[in-house]
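J.: just coords:
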DNA sequence: ATGTCGGCATGACGAGCGTCATGTCAAACG
DNA sequence: CGTTTGACATGACGCTCGTCATGCCGACAT
């Protein structure tokens, strides 16, 4: 049998995995302590050996959910240009597969409207994760931006990334909130088309828009 | 004193107003029966003279919240063209005033991610309201669309309205979910700029894009 | 005037939740 | 080898919520 700290770390990981999954499928307060601990093969009493209260759990689970997905989503083909990256992200995000698998999906879309009503402490966590995801989206591309900011990110690209995130989060959320499958698919398609138009404005001919030669 | 049916109608209206406000500020399950009835100056027992259960209340309150705002948002200046309408809606929606007053704001943004996890019955209500709002957005403009659908709506405009709604809902939700005021304002501004770009693609010169002469 | 109806108040029940006190047992340590 | 530590189980407490049974009392019909 493993050592003590190893067993505790393993327990904590099971708790975080279970909580992250429940947070994305059932929402912020759907990740009830009793249910999370049951998923983690523990009893509810053991919870307070890992966290002081539920707020700490939700914050940690939210961070955990996003940390697991960030690199998986951000890394694209090498030599990727900016408009390509934006359209690729939207094309992958606004998809029936992502819509139908919230347990492994984007945590922003899962808890966005609940986070808006959460105490300031959680909103700070939300904001920090969002900024980190935006920086990951704006991360190094094949063609570095023409006017990089002192801190390394082109503010124009940063704003485009914000709009893309809002469009994607709103898109899957609306697609999940409607009943009819056709309506849902149309929401995804319309947002995907809009994202492509946003990333690659019609008639634009600057170097960043053209494909790699 | 008023007649009996009038008093009941007045009570129902107070209940719906209170529930609609709580639904937008506290979310779907934040509109608890006891609190709503207290806001409506009634006791919790009287609730079941108006609704069979809580599901009926939430559905009715959601419809009530949207019905109150739809015409207020949709009606714009006469002689309004399609791109102008889209930019006007985004400019008004993605605003600090709207962000900071959820009690009178858009119900879609308030409950979107919770609706995604709601039973099919509520999702049907959500879908019906969304379709109705989309048709209101696509409603008659100064320049009717070139290719109107048999049922009266240009499918291209309908898809643009979907994307605009997703961008707006995602935008205010993210703006509400972050703590820092500057970050929040930047989210609103970035989404507003993206909506304008979406409604009025750069370089386009067709008649619908030009201002009224 | 008298009886019926129904909106409303009061009170209670059970379920689910967060939280904590207490006990237990195996691993870590001197 | 004996002691201590701490992760975990058990059980309980208080709170909130949805739901319903019961009773009241004013408005309406006859």
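T.: Perfect, I can see it now. Computed from a prediction, not measured in an experiment: that's the story for all the values here.

J.: how about the residue of chain A found nearest chain B, nearest residue that isn't a chain neighbour?
T.: Using C-beta to the nearest C-beta, residue A:170 is the residue of chain A that sits closest to chain B, at 2.8 Å. Yep, even glycine has a C-beta here, placed from its N, CA and C like the rest. Of all residues not flanking residue A:170 in the chain, residue B:170 sits nearest, at 2.8 Å (C-beta to C-beta, 6 or more residues apart in numbering or on different chains).

J.: just checking, that neighbour touches residue A:167?
T.: Yes - look at residue B:170 against residue A:167 with C-beta atoms under 8 Å: they come within range, at 6.0 Å.

J.: now the host helix or strand of residue A:157: mean pLDDT?
T.: Following DSSP states H and E, one finds residue A:157 within helix A:155-177. Mean per-residue pLDDT for helix A:155-177: 97.

J.: how near is the residue in chain A that DNA strand D sits nearest to to residue A:39?
T.: Residue nearest to DNA strand D within chain A (C-beta to the nearest atom of the strand): residue A:45, separated by 2.2 Å. Computed as C-beta to C-beta, to the nearest Å, the residue A:45 to residue A:39 distance reads 15 Å.

J.: please apply the same query to residue A:137.
T.: Residue A:137 is 31 Å from residue A:39, where distance means C-beta to C-beta.

J.: center of chain A, which residue is that?
T.: For chain A, the residue nearest the mean C-alpha position is residue A:106 (3.7 Å; C-alpha atoms, centre = their mean).

J.: after the helix holding residue A:157 comes which helix or strand?
T.: Proceeding N to C from helix A:155-177, the next assigned helix or strand is helix A:181-199, under DSSP H and E.

J.: if we can go back for a sec, what about the residue of chain A closest to DNA strand D, how many residues nearby?
T.: Other residues near residue A:45 come to 10 when the count uses other C-beta atoms under 10 Å in any protein chain shown.

J.: cool, residue A:90 as well?
T.: As a burial measure, residue A:90 scores 24 neighbours (other C-beta under 10 Å).

J.: list the contacts for it?
T.: Shown in contact with residue A:90 (C-beta atoms under 8 Å, 6 or more residues apart in numbering or on different chains): A:164, A:167, A:168, A:191, A:192, A:195, A:196, A:199.

J.: near chain B too, which of those?
T.: A:167, A:168, A:191 (C-beta under 8 Å from any C-beta of the partner chain).

J.: between these, which is closest to DNA strand C?
T.: Lowest distance from DNA strand C to the ones next to chain B among the contacts of residue A:90 (C-beta to the nearest atom of the strand) belongs to residue A:168, with 28.9 Å.

J.: state the distance from the residue of chain A closest to chain B to residue B:35.
T.: 29 Å.

J.: ok, those two, which is more surrounded?
T.: residue A:170 (32 against 15).

J.: you'd agree the more buried one is up against residue B:166?
T.: Yes - assessed by C-beta under 8 Å, residue A:170 is found in contact with residue B:166 at 3.6 Å.

J.: quick check: neighbours shared by the two?
T.: What both residue A:170 and residue B:166 touch, as defined by C-beta under 8 Å, 6+ apart, is the set residue A:191.

J.: residues from chain A in reach of DNA strand C?
T.: For chain A, the residues in contact with DNA strand C (C-beta under 7 Å from any atom of the strand) are A:1, A:3-5, A:29, A:32-35, A:44-45, A:47-48, A:52-55.
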